[in-house]
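Undergrad: coords please:
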Amino acid sequence: MTTTSVYTIRIPSQVRQMMDEMKEVNWQSEIRQAVEDLVRERRRERLLSEAGEVRKKTMDIGISASELIREDRDAR
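TA: Coordinates of the predicted model:
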């Protein structure tokens, strides 16, 4: 069973009236999907940024990847 949480927002009355006129739209589902998409996208952007920072730090260690691999293989 999925746990859910309530998050309340305020919107202008005019927007709410326009929403009420569109009875065919399931606003709860549409808004939930929009929030989920935005959260996933922002999280992905943050993780990519963090990975880029880690990569920048590890790129300048003074030794190439092939040298590290060779050293590891020779140690066996």
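
Undergrad: quick one, what contacts the most centrally placed residue in the chain?
TA: Centroid check for the chain by C-alpha atoms, centre = their mean gives residue 43 as the closest residue, at 2.1 Å. By C-beta atoms under 8 Å, 6 or more residues apart in numbering, no residues touch residue 43. Where C-beta positions appear, they are placed from N, C-alpha and C, glycine not excepted.

Undergrad: Now do it against residue 36, distance only.
TA: Using C-beta to C-beta, to the nearest Å, we find residue 43 at a distance of 11 Å from residue 36.

Undergrad: Same question for residue 65.
TA: 38 Å.

Undergrad: Residue 12 now?
TA: Counting by C-beta to C-beta, the gap from residue 12 to residue 36 is 23 Å.

Undergrad: next one: residue 3
TA: Distance from residue 3 to residue 36, by C-beta to C-beta: 15 Å.

Undergrad: cool, and residue 57?
TA: Separation of residue 57 from residue 36 (C-beta to C-beta) stands at 32 Å.

Undergrad: same question, residue 67
TA: According to C-beta to C-beta, residue 67 and residue 36 sit 44 Å apart.

Undergrad: With residue 68 instead?
TA: Residue 68 is 40 Å from residue 36, by C-beta to C-beta.

Undergrad: Kindly report the same for residue 25.
TA: Residue 25 sits 17 Å away from residue 36, going by C-beta to C-beta.

Undergrad: Good, we can wrap up now.
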